[in-house]
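# with the sequence up front, the predicted model follows.
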Amino acid sequence: MRILVTGGAGFIGSNLIHYLLATRPDVEIVNLDKLTYAGNLQNLEDLPDARRHTFLRGDVAEPDDVARAFGAGVDQVFHLAAESHVDRSILDSRAFIHSNVLGTQTLIDRLRRQGHGRLVHVSTDEVYGSLGPAGRFTETSPLDPTSPYAASKAASDLLVLAAVKTHGLDAVVTRCSNNYGPYQFPEKLIPLMITNALEDRPLPVYGDGRQVRDWIHVRDHCAALEVVSREGRRGEIYNIGGVGGERENLVIVRTILAALGKSAALIRHVQDRPAHDRRYAICSDRVLGLGWRGQFDLEAGLRETVRWYQEHRAWWEAVKSGAYRSYYEQQYGKRLG
């Protein structure tokens, strides 16, 4: 089986490639990645059976790059190439429209031209917007995105689902909760807090820190994607949530500090993000019905993740140099000042 993974040098994409090569001896993987700031070829070192992996640098929104990646044809596409950070979308949303919306349509067009192949379109629970103090998002919850990032993902979801109805495209949509684990770019909450704490720098926590998120370990997410690619029904949406992973952000931060033996005095409450969603929680019954089961308890998964960043200091120190420093100053400089 020939599989195309878009965004395969990013956080979830690289973990998915590691997972597929380790668990699926029948697959050959083509990895199309533009290598923007969050793409990192170091994420793809030590691949199991790297001979079955081919990397191509290219833009998922450019038809010629996508055609090159398809080559003589692909059997499945895992579409993970996306601009994904809410804060960056608030600063400038144009790149999100290019990658998330135009990129998705370019893949749809290519699959239609090929005439076969399944698209696994990887989306987010953020398309549902903010949830009240009770209940969980289901696949039929209304879309109510509150950030440019979430709006771009909602648009791409609808393009895929429309292509299923209009053109008979073989596609499924997955919407996952917040991921954590190895190789995550340190603009996201968990790696930001771990790496700042390791450097004894302030930990910027938005607002009161009482925002609630449903956390899933990236390897559990990858396992779910693989199951959906085989067992999911054409045109269905599958929510993917963590194993008992619903926590307040401030609880996550304090858990990280405790694991590192650092003082809570490092926490700095800063001006909140505009339109910051208060709570996410996901019902995963539909994907559980396909036979998937998450393996990572949140506390154990967090401890493992903290150890990974302790043991891979050279990786994240390189990532946090250069352009990242300019972004960090733009995002947190005034807040921390």
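Everything's here; your move. Numbering: from 1, shown residues only.
# okay, buried residues for the helix ranked longest in the chain please.
Counting by DSSP state H, the longest helix found in the chain is helix 148-167. By neighbour count on 16 or more other CB atoms under 10 Å, the buried set for helix 148-167 is 148-157, 159-161, 163-164. The C-beta positions use only the backbone N, C-alpha and C, and glycine is treated the same way.
# show me what counts as buried in stretch 279-298.
279-284, 286-288, 292, 294, 296, 298.
# need the max-distance pair from those.
Using CB to CB, these reach their maximum pairwise distance at 279 and 292, which is 23.8 Å.
# what's in contact with the strand or helix carrying residue 96?
Residue 96 is part of helix 94-96 when elements are defined by DSSP states H and E. Here helix 94-96 makes contact (CB atoms under 8 Å, 6 or more residues apart in numbering) with 82, 83, 88, 89, 148, 149, 152.
# let's have those in TSV, adding distance to residue 8 and pLDDT.
Below are these laid out as TSV (distance: CB to CB, whole Å; pLDDT from 0 to 100):
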residue	distance to residue 8	pLDDT
82	12	96
83	16	95
88	20	92
89	22	95
148	24	97
149	20	97
152	20	98
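# how about residue 25, nearest residue that isn't a chain neighbour?
residue 49 (7.9 Å; CB to CB, 6 or more residues apart in numbering).
# what's the neighbour count on that neighbour?
Residue 49 has 11 neighbours, counted by other CB atoms under 10 Å.
# wait, a strand at residue 55?
Yes - the assignment for residue 55 by DSSP: H, G, I helix; E, B strand; the rest coil puts it in a strand.
# the helix or strand encompassing residue 205: partners in the sheet, and parallel or antiparallel?
In this structure, residue 205 sits in strand 203-206 according to DSSP H and E. Paired with strand 203-206 in the same sheet, following DSSP bridges, are strand 267-270 (parallel).
# what comes up buried for the strand it pairs with?
Neighbour counts over strand 267-270 (16+ other CB under 10 Å) mark 267, 270 as buried.
# so where do the strands sit in the stretch 201-337 of the chain?
203-206, 212-217, 237-240, 246-248, 267-270 (DSSP state E, counting those that start in this stretch).
# residue 209 contacts residue 250, correct?
Yes - between residue 209 and residue 250 there is a contact under CB atoms under 8 Å: 3.2 Å.
# what residues do these two have in common as contacts?
What both residue 209 and residue 250 touch, as defined by CB under 8 Å, 6+ apart, is the set residue 267.
# so which elements touch the one helix or strand residue 106 maps to?
Element membership for residue 106, per DSSP H and E: helix 103-114. When contacts are defined as 3 or more CB pairs under 8 Å, 6 or more residues apart in numbering; DSSP states H and E, helix 103-114 sits against helix 63-70, strand 76-79, strand 118-124, helix 148-167.
# which residues does residue 29 bridge with?
residue 3, residue 53.
# how close does it get to residue 256?
33 Å (CB to CB, to the nearest Å).
# now residue 192
For residue 192 relative to residue 256 (CB to CB), the value is 10 Å.
# which one of the two is surrounded by more residues?
A direct count of neighbours by other CB under 10 Å for residue 192 and residue 256 places residue 256 higher, at 25 against 21.
# quick one: contacts for the more buried one?
For residue 256, counting by CB under 8 Å, 6+ apart, the contacting residues are 190, 193, 194, 197, 302, 306.
# excluding its backbone neighbours, what's nearest residue 6?
Nearest one to residue 6, counting by CB to CB, 6+ apart, is residue 81 at 3.7 Å.
# what does the one you found show for phi and psi?
phi -60, psi 120 (degrees, to the nearest 10).
# so what does the helix or strand bottoming out on mean pLDDT in the chain touch, helix or strand wise?
Sorted by mean pLDDT, DSSP states H and E, the helices and strands of the chain end with helix 323-336, the least confident at a mean of 77. Secondary-structure packing of helix 323-336 (3+ CB pairs under 8 Å, 6+ apart): helix 86-91, strand 203-206, strand 267-270.
# let me know which of these is tucked in deepest.
Among these, strand 203-206 has the highest mean neighbour count (mean count of other CB atoms under 10 Å), at a mean of 21.
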